[in-house]
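K.L.:
how does the following fold in three dimensions:
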Amino acid sequence: MTAVAAAPARAGGARHLAGTGALLRLALRRDRLLIPAWVLVLGLSVAGMGSSLQALYGTAAKRADLAASMNANASLRALYGPVFSDSVGGLVAWRMAGLGAVLAAVMSLLIVVRHTREEEETGRQELLSAAMVGRRAPLTAALLAALVANAGLAVLIAAGLAKSGQPAGGSLALGIAVGGAGMFFAALAAIAAQLTESARMAKGLTGAALGLAFALRAAGDAASAPGGAAAGEGGAPVLTWLSPVGWAQNLRAYAGERWWVVLLFATATAVATAAAYALTARRDIGMSFLPARPGPARAPRSLGGPSGLAWRLQRTTLLGWTAGFALAGAAFGGIAKGAASMVGGNQQTREIFERMGGQQGLTDAFLATMTGMLGMIAALYAVGAVLRMRAEETGDRAEPVLAGAVGRVRWACGHLAVAVAGSAVVLAAGGLALGISYGASVGDLAGRTGPVLAAALSQLPAVWTLTGLAVLVFGLLPRATGAVWALVGGCLALGWVGPALDLPQWAMDLSPYGHLPRLPGGTVTAAPFLWLPALSAVFISAGLTGLRRRDIG
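P.N.:
Okay, the predicted model is just below:
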């Protein structure tokens, strides 16, 4: 009787997963550029870190001095986390475990949302579900695609570090830490896709969760007492254990690996995945648990043109990014005061800061590093604002607008204006909060706010260059717009990891950020503020020309 009762249950489970293999193959085919680009850029960056750190810190004494300097300062512990081992592998894990986890999370949320909520938003999922496709097949295929990407990333990191001479156990632990964090946020993105009715909101919710995880990890590590961390003694603060980014660091690759943390990743991912499956079984296709509020009966006059429509579609996202940048700027400004005290007489630490922020005073170099990071992250907002046009196009919402008296260029310029002006707004919010927070901490509010704000706004030419590149791809190669995210991620990795690797200048110049002066305190030249906007204008013009000549959809 038990076997007879179990048979329908198994049949029902198989029915819900019917078509998963076909959907997985489709997802991997659609992401044939996105996934390899993310995996190769991030994986090779981590794998190449060992040899670079070995060249920079070739003796045990130098590495021990660096680890002691980093662990003794709350500002750097908040930014990078503690150093658990002063071996070359331990320094690689210190530098890349947290950053790799964050970037893997971004990759994963993009993959899962693209193949779940975006498919429903465009109506394609409803067509597929009319065939022999199980109810849980789309979600399963999306999660399997994320698993393929994160598994490939973990294998590349582990194999690359082991081949460079690092211990195999620590290399495997670091690969699992990065891939495990990516899979956890893939599961969170699956939950967000059930809760919201738009892909934009699903990405925003998951991104907010990632930001909270980073903030919890930073707060916990900043509050931890220095001393025994380098030797692997003591436990992490409670706030750090509340963050998946903290889990990645506290797996402690190359420092007496805590393999039980892998079970923490697996359990949390399994619980989040089960929650996503439970939610998808309780809603109709295209619906959500957090539906959008109905608008007014009569449209305001601002919606009479494409610019007003673009603002209406993107204003919530802009407000969220602005608030996030303001909070991040305030947090970074609060820890900038102690930047100079962490170096002491350590020449290697001084050199890292000079490569990251310039050869001016160490506090100014730290502020330049923070404003540069804000500038790199602002590109994510700007590119997302541009690619909203692609979502409108594939969702069949652009065609009715363009069927009227609105031209394609005019329609695109409305979204482009939001991207260009919005990036200036979010950077101004971050720079202003950074300047006010730092100025208040040193008792010089008026003297420090202006230069720090100007330093943040000086990142705009690079942000606009990547914005123009997104317009170029959207106009000429709309099917390849997913690759734009990989290019932006490459610039982020290059700017964040390149100085620590002491990459040659030609490599740093591959990113538009490598051409900007390091402010505050650096030498300002007019050239990059002229040719980078000019290059942006060329990209935008070519992209708009391509949009005029190609088919919509």
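K.L.:
phi, psi of Phe289?
P.N.:
Main-chain dihedrals, Phe289, degrees, to the nearest 10: phi -80, psi -20.
K.L.:
number of residues surrounding it?
P.N.:
12 (other CB atoms under 10 Å). No exception for glycine: its C-beta is placed from N, CA and C like everyone else's.
K.L.:
not counting residues beside it along the chain, what's closest to it?
P.N.:
Residue nearest to Phe289 in three dimensions, not counting chain neighbours: Leu195, with 5.0 Å by CB to CB, 6 or more residues apart in numbering.
K.L.:
so who does that neighbour touch?
P.N.:
Leu195 is in contact with 202, 205, 279, 288-290, counting by CB atoms under 8 Å, 6 or more residues apart in numbering.
K.L.:
what's the answer for Ala186, then?
P.N.:
108-109, 111-112, 143, 146-147, 150, 269.
K.L.:
what does Met201 give?
P.N.:
Counting by CB under 8 Å, 6+ apart, Met201 has contacts 192, 290.
K.L.:
so Thr196 sits against Leu205, correct?
P.N.:
Yes: here Thr196 reaches Leu205: they are 6.4 Å apart, a contact under CB atoms under 8 Å.
K.L.:
quick check: Ala215 touching Ala331?
P.N.:
Yes: using CB under 8 Å, Ala215 is in contact with Ala331, at 7.3 Å.
K.L.:
report the secondary structure state of Ala253.
P.N.:
coil (DSSP: H, G, I helix; E, B strand; the rest coil).
K.L.:
cool, Ile285 as well?
P.N.:
Going by three-state DSSP: Ile285 is coil.
K.L.:
can you pull the contacts of it?
P.N.:
120, 125-126, 129.
K.L.:
same question, Arg408
P.N.:
Going by CB under 8 Å, 6+ apart, the list of residues near Arg408 reads 402, 544, 547-548, 552.
K.L.:
just the buried residues of the residues you listed.
P.N.:
402, 544, 547 (16 or more other CB atoms under 10 Å).
K.L.:
the first one against Ile552, yeah?
P.N.:
Yes: in this structure, Leu402 sits in contact with Ile552. The criterion is CB under 8 Å, and the distance is 6.3 Å.
K.L.:
tell me the spacing between the residue nearest to Phe289 and Leu17.
P.N.:
22 Å (CB to CB, to the nearest Å).
K.L.:
one step back: which among the buried ones among the contacts of Arg408 gets closest to Arg258?
P.N.:
Leu547 (51.8 Å; CB to CB).
K.L.:
give the buried residues for the longest helix seen in the chain.
P.N.:
Longest helix in the chain, counting residues (DSSP state H): helix 408-442. Of the residues in helix 408-442, 408, 411-416, 418-420, 422-441 count as buried by neighbour count, 16+ other CB under 10 Å.
K.L.:
and for stretch 245-262?
P.N.:
Here stretch 245-262 shows 245-255, 257-258, 261-262 as buried, counting by 16+ other CB under 10 Å.
K.L.:
likewise stretch 467-475?
P.N.:
Buried residues in stretch 467-475 (16+ other CB under 10 Å): 467-475.
K.L.:
would you mind putting these into a markdown table with distance to Leu535 alongside?
P.N.:
Output for these, formatted as a markdown table (distance: CB to CB, whole Å):
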| residue | distance to Leu535 |
| --- | --- |
| Thr467 | 11 |
| Gly468 | 7 |
| Leu469 | 9 |
| Ala470 | 13 |
| Val471 | 12 |
| Leu472 | 10 |
| Val473 | 15 |
| Phe474 | 17 |
| Gly475 | 16 |
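K.L.:
report the separation between the residue nearest to Ser51 when sequence neighbours are not counted and Ala55.
P.N.:
Excluding the flanking residues, the one nearest Ser51 by CB to CB, 6+ apart is Ser164, at 5.2 Å. Computed as CB to CB, the Ser164 to Ala55 distance reads 11 Å.
K.L.:
most widely separated two among the contacts of Ala186?
P.N.:
Ile111 and Thr269 (14.6 Å).
K.L.:
so between these two, which is more surrounded?
P.N.:
Higher neighbour count among Ile111 and Thr269: Ile111, with 29 against 22, using other CB under 10 Å.
K.L.:
that one in helix, strand or coil?
P.N.:
Per three-state DSSP, Ile111 ends up helix.
K.L.:
tell me the contacts of Trp464?
P.N.:
Counted by CB under 8 Å, 6+ apart, Trp464 has contacts 382, 420, 423, 532-533, 536.
K.L.:
tabulate the CA atom coordinates of whatever helix or strand it lives in in CSV.
P.N.:
Following DSSP states H and E, one finds Trp464 within helix 460-476. Extracted C-alpha coordinates of helix 460-476, given in CSV (Å, rounded to 0.1, in the frame of the first residue of the first chain):
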residue,chain,number,x,y,z
LEU,A,460,31.2,60.8,-13.4
PRO,A,461,33.2,60.7,-16.6
ALA,A,462,34.0,57.1,-16.1
VAL,A,463,30.4,56.3,-15.1
TRP,A,464,29.1,58.0,-18.2
THR,A,465,31.6,56.1,-20.4
LEU,A,466,30.2,52.8,-19.2
THR,A,467,26.7,54.3,-19.6
GLY,A,468,27.5,55.1,-23.2
LEU,A,469,28.9,51.6,-23.7
ALA,A,470,25.5,50.2,-22.5
VAL,A,471,23.7,52.4,-25.0
LEU,A,472,26.0,51.2,-27.8
VAL,A,473,25.4,47.6,-27.1
PHE,A,474,21.6,48.1,-26.7
GLY,A,475,21.4,49.9,-30.0
LEU,A,476,23.7,47.7,-32.1
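K.L.:
after it, next one along is what?
P.N.:
Taking DSSP H and E, what comes next after helix 460-476 is helix 482-501.
K.L.:
got the confidence number for the nearest residue to Thr273 once chain neighbours are set aside?
P.N.:
Distances taken as CB to CB, 6+ apart put Ala187 closest to Thr273, at 4.6 Å, once the chain neighbours are dropped. In this model, Ala187 is scored at 96, pLDDT.
K.L.:
and the helix or strand hosting Leu127, which residues are buried?
P.N.:
Assessed by DSSP H and E, Leu127 sits inside helix 124-129. With burial defined by 16+ other CB under 10 Å, the residues of helix 124-129 counted as buried are 125, 128-129.
K.L.:
now the very next helix or strand once past it: mean pLDDT?
P.N.:
Using DSSP H and E, the next helix or strand after helix 124-129 towards the C-terminus is helix 137-163. Over the span of helix 137-163, the pLDDT mean works out to 93.
K.L.:
give the buried residues for helix 137-163.
P.N.:
137-162.
K.L.:
wouldn't Thr525 be in contact with Pro517 here?
P.N.:
Yes: the pair Thr525 / Pro517 is scored as a contact, 6.5 Å apart, by CB under 8 Å.
K.L.:
who's more crowded, the two?
P.N.:
Pro517 (17 against 11).
K.L.:
tell me the SS of that one?
P.N.:
On the basis of three-state DSSP, Pro517 is classed as coil.
K.L.:
need phi/psi at it.
P.N.:
phi -70, psi 150.
K.L.:
once you drop chain neighbours, what's closest to it?
P.N.:
Val524 (5.1 Å).
K.L.:
ok, that neighbour touching Ala455?
P.N.:
No: the pair formed by Val524 and Ala455 falls short of the contact definition of CB under 8 Å, at 10.2 Å.
K.L.:
same drill for these two, tell me which one is more crowded.
P.N.:
A direct count of neighbours by other CB under 10 Å for Val524 and Ala455 places Ala455 higher, at 28 against 12.
K.L.:
my read: that one touches Thr369, true?
P.N.:
No: taking CB under 8 Å as the definition, Ala455 is not a contact partner of Thr369, at 10.4 Å.
K.L.:
where does the stretch 151-300 of the chain dip in pLDDT?
P.N.:
The stretch 151-300 of the chain contains residues with pLDDT under 70 at 224-236, 286, 292, 295.
K.L.:
let's go with 80 and repeat that
P.N.:
222-237, 284-300 (pLDDT under 80).
K.L.:
quick one, strands of it?
P.N.:
Counting by DSSP state E, counting those that start in this stretch, one finds no strands in the stretch 151-300 of the chain.
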